[in-house]
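Chemist: Give me the fold of what follows.
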Amino acid sequence: MDSTILSLQDVNVYQEGGQQVLENVNFKIDKGEFVYLLGRTGSGKSSLLKTLYADLPLTKGNIDFETFKLHDIESNKIPFLRRKLGIIFQDFQLFYDRTVFENLEFVLRATGWTGKAKIKSRISEVLIRVGLGSSESKMPHQLSGGEQQRVVIARALLNEPLLLIADEPTGNLDPEVAGDIMNLFHKINNSGTAILMATHNHNFLTSHPARILTCKDGKISDSKA
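Modeler: Reported below is the predicted structural model:
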C-alpha cells in the first residue's frame, strides 16, 4: 500500500512578485515521516512551504497532497486543504485581543466545527497535548514565547492534520525553549503525524537526526536520494 501523502513532480517555485526561486523540484513525503528543509535566507524555503498550502500559486509542475491536486485546485477548496495541513509560523500569528481558548475556537468554527461541548473538548485535548492544559483563559501576552509557540502548535493540531508544515518554528526562541519545542514536535511525529520543518538550527540535525531537503542554487537536494 502506498504510504505517500505528499508528492511534488517537476515543480517550479516562485516568490511573491513572480521571481523563480526553485526549479524542477521532485520529492515525496510518507505518512509519519519527519523531514527537515534547510537553506539560506532567500533560497526558497518559505516560498516552497507557501506553495504547499496554496498561499502562493502553483504554475508549473504537479503537487498532490492526499486527495488534493494543487496544480488544479479551486480557491473554494483551499480551506479544506488547510484542514488537512497544520501550519506553524515563526511569528505565531495569534489574535492578541483574544484568550487562548478564543484563538483556538476561532479556527474550529472557521473550519466547520459546531457544538460548544464538542469544541471545548477538542480545545482541552490539544492544549493538554502541548503541555498547556491550564492556559485556556490566558491572553497571549501573559504567556512566554515558548508557551505562545505551543498555542500555535495546538492550533495546527486541531483538525488532526496528516502533515505539519513548520516554518522556522523555533527561530524566535532561546536555545533551551527551542529544544523543548523540538521535543514536542518529535512527540507529535511519533504519534503518526508527518512533519516538514524549515529550520536554521543545525543543532537539531544532531540531536534529532532525520531526512534533509536542502535548497541551494535554485535546486533541492535530498539526503534520502
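Chemist: Determine the longest helix present in this structure.
Modeler: In the chain, with assignment by DSSP state H, the single longest helix is helix 175-190.
Chemist: In it, which residues are buried?
Modeler: For helix 175-190, a neighbour-count test (16 or more other CB atoms under 10 Å) marks 177, 178, 179, 181, 182, 184, 185, 188, 189 as buried. Heads up, the C-betas are built off the backbone N, CA and C, glycines and all.
Chemist: got it, and stretch 153-167?
Modeler: 153-159, 161-167.
Chemist: thinking again about what came up before, then the longest helix of the chain to PDB, C-alphas only?
Modeler: The C-alpha coordinates for helix 175-190 follow below in PDB (Å, rounded to 0.1, in the frame of the first residue of the first chain):
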ATOM      1  CA  PRO A 175      18.000  27.500  22.800                       C
ATOM      2  CA  GLU A 176      16.600  25.800  25.900                       C
ATOM      3  CA  VAL A 177      13.000  26.600  24.900                       C
ATOM      4  CA  ALA A 178      13.700  25.700  21.300                       C
ATOM      5  CA  GLY A 179      14.900  22.300  22.500                       C
ATOM      6  CA  ASP A 180      11.700  21.800  24.400                       C
ATOM      7  CA  ILE A 181       9.600  22.700  21.400                       C
ATOM      8  CA  MET A 182      11.700  20.400  19.200                       C
ATOM      9  CA  ASN A 183      11.000  17.500  21.700                       C
ATOM     10  CA  LEU A 184       7.300  18.300  21.400                       C
ATOM     11  CA  PHE A 185       7.500  18.100  17.600                       C
ATOM     12  CA  HIS A 186       9.100  14.700  17.900                       C
ATOM     13  CA  LYS A 187       6.400  13.500  20.300                       C
ATOM     14  CA  ILE A 188       3.800  14.600  17.800                       C
ATOM     15  CA  ASN A 189       5.700  12.900  15.000                       C
ATOM     16  CA  ASN A 190       6.000   9.700  17.000                       C
END
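Chemist: Any idea how far that helix is from the middle of the chain?
Modeler: The chain centre lies 14 Å from the centre of helix 175-190; the measure is CA atoms, centre = their mean, to the nearest Å.
Chemist: now stretch 126-134
Modeler: Relative to its parent chain, stretch 126-134 has a centroid offset of 18 Å by CA atoms, centre = their mean.
Chemist: Same check on stretch 50-67?
Modeler: Worked out by CA atoms, centre = their mean, stretch 50-67 lies 14 Å from the chain centre.
Chemist: buried residues in it?
Modeler: 50, 51, 52, 53, 54, 56, 58, 61, 63, 64, 65.
Chemist: And for stretch 37-54?
Modeler: If you call a residue buried by 16+ other CB under 10 Å, then stretch 37-54 has these buried ones: 37-39, 43-54.
Chemist: Which residue ranges of this protein form strands?
Modeler: 4-14, 20-30, 34-38, 62-65, 68-69, 85-88, 163-167, 194-198, 211-216, 219-222 (DSSP state E).
Chemist: Give me the pLDDT for the nearest residue to residue 110 once chain neighbours are set aside.
Modeler: Among residues not flanking residue 110 along the chain, residue 79 sits closest, at 7.7 Å (CB to CB, 6 or more residues apart in numbering). pLDDT recorded at residue 79 is 84.
Chemist: can you count the residues close to residue 79?
Modeler: Other residues within reach of residue 79, judged by other CB atoms under 10 Å, total 12.
Chemist: for the buried residues of helix 175-190, which one is nearest residue 109?
Modeler: For those, the residue nearest residue 109 by CB to CB is residue 188; the value is 23.5 Å.
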